[in-house]
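Colleague: Sequence below, structure please.
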Amino acid sequence: MIPPRDVQILAIAPETLALRSRSWKRLRFEVEYALERGTTANSYLIQGDKTALIDPPGETFTKIFLENLQHRIHIKQIDYVILGHINPNRMETVKQIALLNPNVTFVCTNPGAIAIKNILEKTTEVFQDLAAIKITTVRGDEFLELGNGHTLQFAIASTPRYPDGLCTFDRKTQVLYTDKLFGAHICGDQVFDEGWNSLLEDRRYYFDCVLANQTRQLESIMDKLAEFTVSFYAPAHGTMLKYGLSQLLISYRQWCETQKQQNISVALIYASAYGNTTILGQAIARGISKANVAVELINCESATPEEIKAAIEKSSGFMIGSPTLAAHLPTQVQTALGLVLANAPKGSLAGVFGSFGWSGEAVDIIADKLKDAGFTLGFEPIRVKFTPTETTLQMCEETGTDFAQALKSAKKIRNTLNPGNAVEQAVGRVVGSLCVATVQKGDIRTAMLASWVAQATFNPLGFTIAVAKERAIESYLHLGDRFVLNILEQGKQLRKYFLKKFAPGEDRFIDVATETAENGAPILTEALAYLECKVEQRMEAGDHWIIYAVVDNGKVLQNNGLTAVHHRKSGGHY
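Modeller: Model prediction:
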């Protein structure tokens, strides 16, 4: 029986251990964990004449990690703890290490040192003595000699989400420790990326959720990291990259270029006290990106006024996210709001979101000022108390997609360059059956009207379905996911019901009769037939994903009915 959590320890290079804290369950309500394939929190121990611990895990693993670490080395023998980024979650482990070893030196960037100080100021009296912990800040041009040939070199890897980002390179082993970069949330026994192509979807999903909204910084970091002669990358999550490293770097460049080529962009400006507003912003940004609209994430706690001003001036719309501190806006958000009011074109589409612990006035303050200044709000302000739930994140993602589609509509952006031409008319004559794909995953239920469906295989029985990237259901049609394909009957009203526009997070099934399939997804009882399916493959195809699914079960519900079909005059739209 697999334990819910454990620590896998193994040698990966001379005098170098990987300590992979593993969980087979989803740990956090953040969009990048939504595939629910578990995760690993990878830490690394280098033992030269002096010893360095790189990237200790967050508080979920603090106890089990320190217990396993003590079996390998006494914590008082650790000279340095190198921190690729700082957040309250990771600080729980940092505190415990500092209590056990007051002589340890923590190595981080200057923003990381500020984050440590800010977090310690909010801790309980138990940790007040930690205010004197030893911190060495690096700018990226320093070296740290551990002895026995291990010379550590640093590279600043700052992004809006992780302004304190830091990568570490060991000259002896040529291992590059990348922390949050190039990871994937997937758990298993595999340590290196043998069969790397099968892992590419997980890495692409991680990129889309975490990095697609900060490609400008990512490209700069990749240029910097290219200066190292690397044997393999050791990220904080997932397998280490050795066999497919060059292909992944090429893919990252291509994905970045795709984002840069979008002709509509959104500036998403935010600050976050405890990380919850960041989580909301990431989910909204994911929804915007899915609709083929570029989004630039701007952390106003680290961005300069010039950077904020430049992003506003080139964007087609903007959003502001803020926590509430003592019933007011944080100073950085006040500054950013002033820049928006002074520089954004009046009438621009805007959005406001934020989390709060008690009162939550910040969201209303921002929304009122934007409306008074003549801006149009693209959605009702999103106010979330404490940590967002999975349902909240789905609503945020759908809100981001709707916001992006509204911008595209305003700009009259079409998916084709020559609408209504003879080729489109010919393509439109391809006829497909009308179906509704339905999903139930945890508390999330969603559905999509589909007409691009075709049988693909006899053995096993399988079919393909094309899903537009911006559809809400797309997030729940990854490898291994299960859904029901409901084939509609000619003349019934289900088509009209699912053609209507649903609000973000709205229950798609509130006015239709359903039963629960064996795989947990809803069956539309008024459908002609249904198929219970499992996703086996995904292929990216322009503005759609082609999903290949095999059929596990199914039934005809109306023996004398005819399949509803969809006739189109043009291949340029549904």
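
Colleague: Name the nearest residue to the most centrally placed residue in the chain, ignoring sequence neighbours.
Modeller: Geometric centre of the chain, nearest residue: Cys209, 2.3 Å, by C-alpha atoms, centre = their mean. Spatial nearest neighbour of Cys209, excluding adjacent residues (C-beta to C-beta, 6 or more residues apart in numbering): Glu32 at 3.8 Å. Heads up, the C-betas are built off the backbone N, CA and C, glycines and all.

Colleague: isn't the one you found right up against Val210?
Modeller: Yes - checked against C-beta atoms under 8 Å, the pair Glu32 and Val210 is within contact range at 5.2 Å.

Colleague: okay, and the common contacts of these two?
Modeller: Taking C-beta atoms under 8 Å, 6 or more residues apart in numbering as the contact rule, the neighbours common to Glu32 and Val210 are Gln282.

Colleague: following the longest helix seen in the chain, which helix or strand comes up?
Modeller: With DSSP state H setting the assignment, residue counts place helix 390-410 as the longest helix in the chain. Elements were assigned by DSSP states H and E; along the chain past helix 390-410, the next helix or strand is helix 422-427.

Colleague: which residues touch the residue nearest to the centre of the chain?
Modeller: Remark: with contacts taken as C-beta under 8 Å, 6+ apart, Cys209 is in contact with 30-32, 34, 282, 286.

Colleague: What's opposite Ala468 in the beta bridge?
Modeller: Beta-bridge pairing for Ala468 (DSSP bridges): His544.

Colleague: separation between it and Lys441?
Modeller: Using C-beta to C-beta, to the nearest Å, one obtains 19 Å as the distance from Ala468 to Lys441.

Colleague: can you pull the contacts of Gly505?
Modeller: Contact partners of Gly505, counting by C-beta under 8 Å, 6+ apart, are 391-392, 394-395, 398.

Colleague: Which among those count as buried?
Modeller: The neighbour-count test (16 or more other C-beta atoms under 10 Å) marks 392, 394-395, 398 as buried among those.

Colleague: for Ile298, helix, strand, or coil?
Modeller: Three-state assignment for Ile298 (DSSP: H, G, I helix; E, B strand; the rest coil): strand.

Colleague: Go ahead and confirm Ile135 touches Thr105.
Modeller: Yes - with contacts counted by C-beta under 8 Å, Ile135 reaches Thr105, the gap being 7.3 Å.

Colleague: Between those two, which contacts overlap?
Modeller: Between them, Ile135 and Thr105 share no contacting residue, judged by C-beta under 8 Å, 6+ apart.

Colleague: which stretches of the protein aren't confidently modelled?
Modeller: Using pLDDT under 70 as the threshold, the predicted model of the chain has low-confidence ranges 1-3, 122-131, 412-420.

Colleague: Domain ranges for it, per the record?
Modeller: In the domain annotation for the chain, the residue ranges read 5-258, 262-410, 422-566 (automatic domain parsing).

Colleague: Can you lay out these as JSON lines showing distance to Gly572?
Modeller: Written out in JSON lines, the entries for those read as follows (distance: least, C-beta to C-beta, whole Å):
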{"stretch": "domain 5-258", "distance to Gly572": "21"}
{"stretch": "domain 262-410", "distance to Gly572": "14"}
{"stretch": "domain 422-566", "distance to Gly572": "5"}
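
Colleague: Of those domains, flag the one that's most buried.
Modeller: Scoring these by mean neighbour count under mean count of other C-beta atoms under 10 Å gives domain 262-410 as the most buried, with a mean of 21.

Colleague: and it, how far out from the chain's middle?
Modeller: In terms of C-alpha atoms, centre = their mean, to the nearest Å, the centre of domain 262-410 is found 17 Å from the chain centre.

Colleague: What is the end-to-end distance of that domain?
Modeller: Its start and end residues considered, domain 262-410 measures 15 Å (C-alpha to C-alpha, to the nearest Å).

Colleague: With stretch 504-513 instead?
Modeller: In terms of C-alpha to C-alpha, the two terminal residues of stretch 504-513 are separated by 21 Å.

Colleague: chain center to it: distance?
Modeller: On the basis of C-alpha atoms, centre = their mean, stretch 504-513 is displaced by 26 Å from the centre of the chain it belongs to.

Colleague: do the same with stretch 524-537
Modeller: 28 Å.

Colleague: residue ranges for the helices of the chain, please.
Modeller: With DSSP H as the definition, the chain shows helices at residue ranges 62-72, 88-100, 110-121, 200-206, 215-225, 245-260, 276-290, 305-314, 331-343, 361-372, 390-410, 422-427, 494-499.

Colleague: how about these, which one is nearest Ile546?
Modeller: Nearest to Ile546 among the helices of the chain is helix 200-206; the distance by C-beta to C-beta comes to 12.9 Å.
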